[in-house]
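*Asks:* Following is a predicted model, sequence given first.
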Amino acid sequence: MTSKIDLTFLGTGDQIPSKTRNHTSILLSSNEENILIDCGEGTQRQFRRAGLNPCKITRILITHWHGDHVLGIPGILSTLSVSGYNKTLFIYGPKGTKEKIKKILEIFNFYKTYEIKIEELTSGRFYEGKNFYLESEEMEHGIPALAYSFNLIGKTRINKEKLKKSGLPEGPLLKKLKEGKDVVHKEKKFKSRDLIYKEPGKKISFVLDTKLNKKILPFVKSSDLLVCEGTYSKELEKEAGEHLHMTVTQAAEIAKEGNVKKLILTHVGSRHSKNMKGILEEAKEIFKDSTLARDLDRLEI
């Protein structure tokens, strides 16, 4: 069975939500993991609109503590408590995250039925699972801020249809085939290359609120998908820098230089709401495989 990654864009707006764009939040699902990247105001309602169950969340990754990225956290934590959530919830974020979560729990004081484990991050690999690992990189946004990447580990797999036709039994012989070794069964030789295939790894990178900086390119290099903020159009590059954000052109240039396969722009400024076609064209002029995220968009990678 081929591993896959599903993304649901629960919110794609900037600091001020609109009728069609909620505050930032993205759900990444792969195997048993459901990882929420940021949790803007109204995120739990977006879960309902998308037909998703928030009780399946396993981890929350916080990019930074500006309201449009975190005001939904109290609601999510409270909802999990009254909905029978019984897993350990892992929350990751930049420096200061532990104290802020502590204050949320003190202010709202709901009955907590589950354990929360919090880890403050800087740069580097911070979680290694059986099938994937997570990395973070420090960004520049005036307060502690992080970019994240989800890395699905490549696998050597048996072609089940060919295996069935071969008549090979389950057991040690299959292990040898996966190791690249040929095997003999009932005086017949079976070549590893005829029965196995390589499933490549996948890398999904998330660069949300930050100004353009030298750490972005090496961090997102060779991503299968880059989800990146595009708060300003190229005509507003000076203003973007002053407000510690990026332009659509800058995001597209990073995708091109970083050998990224696909770029999805999000967090586009509300001032551009009547010119989304122009914003997308600006990106496509530089990086052809660009698209704009909309609320409740779903993508399988």
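*Replies:* Yep, it's here. Numbering: from 1, shown residues only.
*Asks:* Please report the distance of residue 280 from residue 239.
*Replies:* 20 Å (CB to CB, to the nearest Å). For the C-beta atoms, the positions are set from N, CA and C on the backbone; glycine is no exception.
*Asks:* higher neighbour count, these two?
*Replies:* residue 280 (17 against 14; other CB atoms under 10 Å).
*Asks:* Report the contact partners of residue 81.
*Replies:* Shown in contact with residue 81 (CB atoms under 8 Å, 6 or more residues apart in numbering): 110, 111, 112, 113, 114.
*Asks:* Quick check: it is in a helix.
*Replies:* Yes: according to DSSP: H, G, I helix; E, B strand; the rest coil, residue 81 belongs to a helix.
*Asks:* what does the model give it for pLDDT?
*Replies:* pLDDT recorded at residue 81 is 93.
*Asks:* For residue 188, see how far away it is.
*Replies:* From residue 81 to residue 188 the distance is 60 Å (CB to CB).
*Asks:* Just the buried residues of the one helix or strand residue 117 maps to, please?
*Replies:* Assigning secondary structure by DSSP states H and E places residue 117 in strand 116-120. Going by neighbour count (16 or more other CB atoms under 10 Å), the buried part of strand 116-120 is 118, 120.
*Asks:* One more: stretch 193-201?
*Replies:* For stretch 193-201, a neighbour-count test (16+ other CB under 10 Å) marks 195, 196 as buried.
*Asks:* what are the C-alpha coordinates of it, in CSV please?
*Replies:* The C-alpha trace of stretch 193-201 is given here as CSV (Å, rounded to 0.1, in the frame of the first residue of the first chain):
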residue,chain,number,x,y,z
ARG,A,193,14.5,-6.2,-8.9
ASP,A,194,11.6,-8.1,-10.5
LEU,A,195,9.5,-8.2,-7.3
ILE,A,196,10.3,-5.0,-5.3
TYR,A,197,10.0,-1.3,-6.0
LYS,A,198,11.2,1.8,-4.3
GLU,A,199,8.6,4.2,-2.9
PRO,A,200,10.3,7.6,-2.7
GLY,A,201,10.1,9.8,0.4
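*Asks:* need the helices for the stretch 101-250 of the chain, in chain order.
*Replies:* 160-166, 172-178, 192-195, 216-220, 237-242, 248-257 (DSSP state H, counting those that start in this stretch).
*Asks:* Deepest-packed of these, please.
*Replies:* Mean neighbour count, computed with mean count of other CB atoms under 10 Å, is highest for helix 248-257 among the helices of the stretch 101-250 of the chain, reaching a mean of 23.
*Asks:* Heading C-terminal from that one, find the next helix or strand.
*Replies:* strand 263-266.
*Asks:* For that next one, give me every contacting residue.
*Replies:* 9, 12, 24, 26, 208, 225-230, 248, 251-252, 255, 279-280, 283, 287, 289-293, 299.
*Asks:* Give me the buried subset of those residues.
*Replies:* Buried among the contacts of strand 263-266 (16+ other CB under 10 Å): 9, 12, 24, 26, 208, 225-230, 248, 251-252, 255, 279-280, 283, 287, 290, 292-293, 299.
*Asks:* Phi and psi next, for the most far-flung residue of the chain relative to its centre.
*Replies:* Using CA atoms, centre = their mean, the residue of the chain lying farthest from its centre is residue 187. It sits 49.0 Å away. Main-chain dihedrals, residue 187, degrees, to the nearest 10: phi 60, psi 20.
*Asks:* can you check residue 18 too?
*Replies:* When read as degrees, to the nearest 10, the backbone of residue 18 gives phi -130, psi -180.
*Asks:* residues contacting the residue nearest to it when sequence neighbours are not counted?
*Replies:* Residue nearest to residue 18 in three dimensions, not counting chain neighbours: residue 270, with 5.8 Å by CB to CB, 6 or more residues apart in numbering. Contact analysis of residue 270 by CB under 8 Å, 6+ apart lists 13, 14, 15, 16, 18, 21.
*Asks:* Tell me the one of the residues you listed nearest residue 36?
*Replies:* residue 13 (16.5 Å; CB to CB).
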